[in-house]
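> sequence and predicted structure below; questions after.
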There are 4 protein chains.
Amino acid sequence: MPSQNPIFIPGPTNIPEAVRRALDVPMEDQRAPDFPDFTLPLFADLKRVFKTEDGEALIFPSSGTGGWEAALTNLLSPGDKVLTSRFGQFSNLWAEMATKLGLDVVVVDVPWGEGVPVDQFAQILADDKAHAIKAVLVCHNETATGVTSDVAGVRAALDATGHPAMLFVDGVSSIASIDFRMDEWRVDCAVSGSQKGFMLPPGLALIAVSQRALAEAKKATMPRCYFDFAAMLAPNRSGFFPYTPATGLMRGLRAAIDLLLAEGLDNVFARHYRMAEGVRRAVDAWGLELVAAAPRWQSDTVSAIRVPDGADANAVIKGAFHNYGLSLGTGLAQLSGKVFRIGHLGSVTELMLVSAIAGAEMAMRDAGIDVALGSGVAAAQSWYIGDRDRLAQAAE
Amino acid sequence: MPSQNPIFIPGPTNIPEAVRRALDVPMEDQRAPDFPDFTLPLFADLKRVFKTEDGEALIFPSSGTGGWEAALTNLLSPGDKVLTSRFGQFSNLWAEMATKLGLDVVVVDVPWGEGVPVDQFAQILADDKAHAIKAVLVCHNETATGVTSDVAGVRAALDATGHPAMLFVDGVSSIASIDFRMDEWRVDCAVSGSQKGFMLPPGLALIAVSQRALAEAKKATMPRCYFDFAAMLAPNRSGFFPYTPATGLMRGLRAAIDLLLAEGLDNVFARHYRMAEGVRRAVDAWGLELVAAAPRWQSDTVSAIRVPDGADANAVIKGAFHNYGLSLGTGLAQLSGKVFRIGHLGSVTELMLVSAIAGAEMAMRDAGIDVALGSGVAAAQSWYIGDRDRLAQAAE
Amino acid sequence: MPSQNPIFIPGPTNIPEAVRRALDVPMEDQRAPDFPDFTLPLFADLKRVFKTEDGEALIFPSSGTGGWEAALTNLLSPGDKVLTSRFGQFSNLWAEMATKLGLDVVVVDVPWGEGVPVDQFAQILADDKAHAIKAVLVCHNETATGVTSDVAGVRAALDATGHPAMLFVDGVSSIASIDFRMDEWRVDCAVSGSQKGFMLPPGLALIAVSQRALAEAKKATMPRCYFDFAAMLAPNRSGFFPYTPATGLMRGLRAAIDLLLAEGLDNVFARHYRMAEGVRRAVDAWGLELVAAAPRWQSDTVSAIRVPDGADANAVIKGAFHNYGLSLGTGLAQLSGKVFRIGHLGSVTELMLVSAIAGAEMAMRDAGIDVALGSGVAAAQSWYIGDRDRLAQAAE
Amino acid sequence: MPSQNPIFIPGPTNIPEAVRRALDVPMEDQRAPDFPDFTLPLFADLKRVFKTEDGEALIFPSSGTGGWEAALTNLLSPGDKVLTSRFGQFSNLWAEMATKLGLDVVVVDVPWGEGVPVDQFAQILADDKAHAIKAVLVCHNETATGVTSDVAGVRAALDATGHPAMLFVDGVSSIASIDFRMDEWRVDCAVSGSQKGFMLPPGLALIAVSQRALAEAKKATMPRCYFDFAAMLAPNRSGFFPYTPATGLMRGLRAAIDLLLAEGLDNVFARHYRMAEGVRRAVDAWGLELVAAAPRWQSDTVSAIRVPDGADANAVIKGAFHNYGLSLGTGLAQLSGKVFRIGHLGSVTELMLVSAIAGAEMAMRDAGIDVALGSGVAAAQSWYIGDRDRLAQAAE
């Protein structure tokens, strides 16, 4: 009998019912006269989720990886210098892409478990008197390690030195789940995807770009066609597209944004913290450690959990899948076999998370890891009860 | 944000994906020439779930309550004597219906928590030398108390005395979940509904009737139209219906029966035992008691759990709903405020049940009941792990 | 490759997308604390569709046939005299049910193609000085013949003689499609079903009953349980049900009523006239005749079309189905082989109807009936264009 | 009330029910251990639709436009010479993209209404003794004009001169609808999309590439990341993806391919011819002309229909949409205002097409075009009847 369990990978995430139903539509004509009645408000509200009034929002049929490429190819020219850091599989892949595309990539390597090295960036930017660095790349939330970085800190570093480099943010697993402020932090290009905080199936890259960056784009000579911002934005202004958009996913996006805005973004962020903290309490009760090297790095969308030395995290993950129908995230690259991950972003509830915690306990026991059954669950339960009480008191 | 949690009432039950998709169909013509290609195999396979080759299966747009009425009005005449017992809200309601319909109802009252009093029935049947009793009514699984009765025992009691009374079974919350054998136990009329073990939305009464009972029906004078077996069976033979059938639900029924038969009924029953036992271990770990008065009465589809004296089960249920999005079953009639129920029938998994157990723990704590967080979860986890090991060993 | 065509039987009808999506819900708890937030407004709005403020609305898991039984068994006693007429398969079946239930049924036979004989009814009521007649049964829209009767005329006949008989209306294929006024016509019990004008899958009987009838119900002695109004209405008052309601279909009903009320009932009726008239023009262009014997009988929900003498309507229907994937309605009882029917109720468009007309033309040609291809289509097109022009002029 | 009508743009196309249901899935883990059980057979069967055993099939989250880019950037280097022709909006856009990407594009302009100029290509290839031309680009089916080109003829031209240029085919609106033979024609890269003959929502580029082309790709220096074949194919071999694939659409693709292969590709092509010919007969009956300049150019997936001089095709299209809920294709670029298009690809039936024809007739009349109502419908009906007879005779 097929499993009825939700998934706990750090994206794609579980689809809320309202979104699922919005996705289930007959085919429509993307050139219909009333199509802009749908698309123009959608762009406007998507901008609200990015917290930008100044910028433009774009929707590409693509994964988040395509969004990375769009940022780099639209706003830079071959040989341009960019500054980035590497502390996990996804920050690494974006840096590799930049190199492959012919950019001059300055990479600061950081231990996996930490985030963007703001102080080092500040120094590098200060040293770059000639302003050779054209863009700084920040992975806001490293999905591989469960680490959230300080984007505002990077902005402050740029401002402190008066450095004109553009600020690009990979917000694939942060935007719509963790506090992100495009305009306030003067982010020039932010990239997200449909399948994380937007609670949709994969298939859309969601991008916001500042007016300043769009001006830069006119000078940028990197070849681009499919992901060309100007070619996309021109028909977008009247609500249409240069090629067939993924209309089904966009109908779902409408429903997802409706949910996010109805709840209020700040409430969405608080809920993610509340959910995440339950998982962290469980990890602590197990006597295990997060990959995140300090509390300030801990991600509210995903927790990467180290198994004890000598244990095999992949055995935990496979056992969880085959024995209990539980999908956990794997350890990627250098973390393979050493960690399993629990995604707690998007549409999850306390009860869903305790089931993931309980399943992880069972799978760890099956894999020979000495963890007390129910211990992590109890810690999470305790947090969820207490947090609710606290919220109730605060509301008085 | 709307809850994504499954429900844990003892029916309606969670709909498997394959069934949900089968339900989502455009409208069809119930008089189409190829409609019998769909309906005739459906009747045949429905009979397999009732474990009858001899009998006929019927599908009415109705709830299970309508199925009760169908059994009584098709097979009996006003003033006929019937024997039944009362040990919960549903056994009580069927007895009340029989009285309201003008039958002469002999009711044996039994403490709630026990099941059909086979010995007393045996005595009453033995004493009924004149064979005045026309039918014996058995509630196979009392959903209000979580008690399963011994249908085979009632058959044995009838056989022991050579009593010709018909045997009617309310199998609403047992059939397709708990072992039920229409032909072997020579049940004359068995009633079920779509929304329990059949894992469908409510709206269908599913009935099987023996050839012997159909012969009796010709003599039965109780007025009936909508639920008339003969009027239904005549067009059914060629695959059609005397009035518009609930085609959408029937498409879902096809998918549900496909799942049941693919898994194998015995495996379905074993899975229900396995799931239920985890909940029972949790109850034991909490130091609480089931309504079921002895292990032999314990139901594999629903557990009715007594809260400690002085505690309010309704506060637990309301808190679970409002604070954690957890739907538990309420205590009905004399059990109101004294019990909450966890349904563990249909499409549920270990992880779903540990989430229900964990949620119940939290809601009990919120309601002032002294239960250790994680304690029930740990007991259930331990059972699920151990049972899996046992199954693996058995397979070697 | 499976057909993508809509169906054109006179119910079940094509499901609008908004309703289809509303139906596709996970299972819910019909005893949840917030369930009345859903059900109480649903009852209130269902009353609006029946155009009653005085009466009560009821929802049974059942077909419309069950609704007939509910009306008769709740409001009458065995041996009560009822007046009805017979002019098609459905008016006939309701009369037969009344007889089977032990009522004293006065039936006025009318040629199939005409409707309720208001003048004869007036005479019979005038002659019934003793007021032996307890109820008058009216089939508002005879689905078998495509005939709509004059319910207001029957009310006038009752009033003219001051006759106190109750007025029961079978509105299965009229309510929500054709003008029906429960309070204004002082209808005592009106019966409809989910699968016609309500645009839902079959499975719900929708009933409205007047306060006067509910008072009568207390005296009525016909046995009833499943369909008992009092047992249903008592828990309904707080938003709950005496047994498991068909929650999935009720979620669809919510969406369907939302569509109806948003369009406005009078607009819904005007649309049905507009759609129907196109089909009638086509029939006229073919040189064929409706079963409806005069324009005043013509139904706006279904047209029953006579094939020429010697032709076989069933061959047309079968050919339409097998060759073109077109579901037409069959001729029932004495009309079998003589007519085919086109349902034009619920969610249909001009283009859908011209496809049905075109398909009927092809199937008639295939069956040897001499009809000019495109002739009916052209007549319908001409009407739809002209009617739109007329509407535009009227709006100026 | 929202329209229930299908759409008749030349893609996206109407989604069959089986595909629609397959799309409606909860979220899944694209790194699950059993994911390759789904993906590996999907790749294998996708190759069957392209009719290639030798090549590899790739699935990108993208539109068909991205597929064009993938072909050019993976297999060519900056400055490479490519030969193409331009006879409609889409052949034009692909040529423009090639130029934008820095290729040396030889474009043969052809009147819109004709297809690829095989003879001119043959001459150019023969003249290219130095084999400077690296690739020949062929738009198999120009969606803007309803013109199908002779891919086999281009292959013959290459072979006749022994020219080694690669052969790239835009099969977005042909593959899965019109005969296409990857291996037999030795096509090196064929591009399609999900939203045409594959009957899915837009969002996937479907590509097949020959082994020879993959060898060329190793030498090609055009920058590429997102669409890189090698980076995609490496994890594909074990059933996984380098970034998150559009799992939902891929589940739909599985169902769509199942439908195509069950019907048989040759039957699918014959059905498209049969459907298309009905539309062409209607156009002829109207006294109008196709853009396709000769029968050999006529496309079986879309017909572009010229309105009479002085008439405004856009008024027809707008009127059809607003007055009848009919979505027709617009005239693109130089054809704007001069043509409307009827898409007849994917899951359409005779009845659906007669409704489109009838709606076009009404909209043309509303726009002042003198066309006899029903005339096109009659011609299409006559064809569909006759063709069915012919098929029946052939089957004897």
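That came in fine, so what should we check first? Residues are numbered from 1 along each chain as shown, chains lettered A, B, ... in the order given.
> the one helix or strand A:Asp45 maps to: what's the following helix or strand?
With elements taken from DSSP states H and E, the one containing A:Asp45 is helix A:35-50. The element immediately downstream of helix A:35-50 (helix or strand, assigned by DSSP H and E) is strand A:56-61.
> which residues touch that following strand?
The list of residues contacting strand A:56-61 from outside it, by Cβ atoms under 8 Å, 6 or more residues apart in numbering or on different chains, reads A:42-43, A:46-47, A:50, A:66-67, A:70, A:203-209, A:211, A:214, A:226-227, A:229, A:232-233, A:236, A:244-246, A:249-250, A:253, D:61-63, D:66, D:202-203. Any C-beta I mention is one placed from the backbone N, CA and C, and that applies to glycine too.
> next: stretch A:311-331.
Applying Cβ under 8 Å, 6+ apart, the contact partners of stretch A:311-331 are A:3, A:5, A:7-10, A:144, A:302, A:304, A:306-307, A:336-343, A:356, A:359-360, A:362-364, A:366-369, B:349-351, B:384, B:388, D:28-29, D:31-33.
> okay, now A:Val138: neighbour count?
By the criterion of other Cβ atoms under 10 Å in any protein chain shown, A:Val138 has 28 neighbours.
> hang on, it in a strand?
Yes. Assessed with DSSP: H, G, I helix; E, B strand; the rest coil, A:Val138 lies in a strand.
> how far away is it from B:Val283?
Separation of A:Val138 from B:Val283 (Cβ to Cβ, to the nearest Å): 51 Å.
> what's the pLDDT at A:Asp387?
In the prediction, the pLDDT value recorded for A:Asp387 is 72.
> where do the strands sit along the stretch 151-300 of chain A?
The residue ranges that make up the strands of the stretch 151-300 of chain A, judged by DSSP state E, counting those that start in this stretch, are A:166-170, A:189-193, A:204-209, A:289-290.
> for chain D, which of those strands is the nearest?
Distances from chain D to each of those were compared using Cβ to the nearest Cβ; the shortest belongs to strand A:189-193, at 7.1 Å.
> parallel or antiparallel, list what pairs with that closest one.
Based on DSSP bridges, the pairing partners of strand A:189-193 within the sheet are strand A:166-170 (parallel), strand A:204-209 (antiparallel).
> other residues contacting it?
With contacts defined as Cβ under 8 Å, 6+ apart, strand A:189-193 is touched by A:11, A:50, A:63-64, A:67-68, A:70-71, A:74-75, A:166-172, A:174-176, A:180, A:182, A:198, A:202, A:204-210, A:213, D:244.
> swap in stretch A:153-164?
By Cβ under 8 Å, 6+ apart, the surrounding residues in contact with stretch A:153-164 are A:116, A:118, A:121-122, A:125-126, A:128, A:131, A:133, A:136, A:138, A:165, A:167, A:185-187.
> hang on, A:Ile124 packs against A:Pro117?
No. Using Cβ atoms under 8 Å as the test, A:Ile124 is too far from A:Pro117 to be in contact (9.3 Å).
> buried ones from the contacts of strand A:189-193, can you make that a PyMOL selection?
A single PyMOL command is used to select the members of the contacts of strand A:189-193 judged buried by 16 or more other Cβ atoms under 10 Å in any protein chain shown:
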select buried, (chain A and resi 11+50+63+64+67+68+70+71+74+75+166+167+168+169+170+171+172+174+175+176+180+182+198+202+204+205+206+207+208+209+210+213) or (chain D and resi 244)
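> got any residues that touch both of A:Ile124 and A:Pro117?
Residues within reach of A:Ile124 and of A:Pro117 at once, by Cβ under 8 Å, 6+ apart, are A:Val108.
> burial measure for whatever residue of chain A ends up closest to chain C, as a count.
Nearest residue of chain A to chain C (Cβ to the nearest Cβ) works out as A:Arg21 at 4.5 Å. Counted by other Cβ under 10 Å, the residues lying close to A:Arg21 total 21.
> skipping adjacent residues, who's closest to it in space?
C:Arg21 (4.5 Å; Cβ to Cβ, 6 or more residues apart in numbering or on different chains).
> quick check: that neighbour touching A:Arg20?
No. No contact is recorded between C:Arg21 and A:Arg20 when judged using Cβ under 8 Å, the distance being 9.4 Å.
> nearest spatial neighbour of A:Ile385, skipping sequence neighbours?
With Cβ to Cβ, 6+ apart, the residue lying closest to A:Ile385 is B:Met362, at 5.6 Å.
> now A:Val354
Nearest non-adjacent residue to A:Val354 (Cβ to Cβ, 6+ apart): B:Ala358, at 4.2 Å.
> now do the contacts for the one you found.
Counting by Cβ under 8 Å, 6+ apart, B:Ala358 touches A:351, A:354-355, A:358, A:377, A:381, B:374, B:376-377.
> which of these lies closest to D:Phe90?
Compare each of the contacts of B:Ala358 with D:Phe90 using Cβ to Cβ and the shortest gap goes to A:Ser355, at 49.8 Å.
> part of a helix, is the closest one?
Yes. According to three-state DSSP, A:Ser355 belongs to a helix.
> about what we covered before: can you tell me the element the residue nearest to A:Val354 falls in?
With secondary structure defined by DSSP H and E, B:Ala358 is part of helix B:350-366.
> in that helix, what's buried?
Neighbour-count burial for helix B:350-366, with 16+ other Cβ under 10 Å as criterion, is recorded at B:350-366.
> following element in sequence after it, please.
Past helix B:350-366, further along toward the C-terminus, the next helix or strand under DSSP H and E is helix B:375-395.
> how far off centre is that following helix?
Taking Cα atoms, centre = their mean, to the nearest Å, one finds helix B:375-395 lying 26 Å from the centre of the chain it belongs to.
> buried stuff in that helix?
Neighbour-count burial for helix B:375-395 flags B:375-385, B:387-388 (criterion: 16+ other Cβ under 10 Å).
> try stretch A:42-58
Of the residues in stretch A:42-58, those buried by neighbour count under the rule 16+ other Cβ under 10 Å are A:42-43, A:45-47, A:49-52, A:55-58.
> ends of that stretch, how far apart?
10 Å (Cα to Cα, to the nearest Å).
> what about that stretch, average pLDDT?
For stretch A:42-58, mean pLDDT rounds to 98.
> got it, and stretch A:26-34?
94.
> mind exporting that stretch as PDB, just the C-alpha atoms?
Extracted in PDB, the C-alpha atoms of stretch A:26-34 (Å, rounded to 0.1, in the frame of the first residue of the first chain):
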ATOM      1  CA  PRO A  26      -7.300  22.500 -17.700                       C
ATOM      2  CA  MET A  27      -5.000  24.000 -20.300                       C
ATOM      3  CA  GLU A  28      -5.300  27.700 -20.900                       C
ATOM      4  CA  ASP A  29      -4.300  30.100 -23.700                       C
ATOM      5  CA  GLN A  30      -1.200  32.200 -22.600                       C
ATOM      6  CA  ARG A  31      -2.200  34.700 -25.300                       C
ATOM      7  CA  ALA A  32      -5.800  35.100 -24.200                       C
ATOM      8  CA  PRO A  33      -6.900  38.800 -23.800                       C
ATOM      9  CA  ASP A  34      -7.600  38.300 -20.100                       C
END
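> skipping adjacent residues, who's closest to A:Phe87 in space?
Nearest one to A:Phe87, counting by Cβ to Cβ, 6+ apart, is A:Val110 at 4.2 Å.
> list the contacts for that neighbour?
By Cβ under 8 Å, 6+ apart, the contact set of A:Val110 is A:85-87, A:116-117.
> same thing but 10 Å
A:85-88, A:91, A:116-117, A:120, A:142, A:147, A:149, A:293 (Cβ atoms under 10 Å, 6 or more residues apart in numbering or on different chains).
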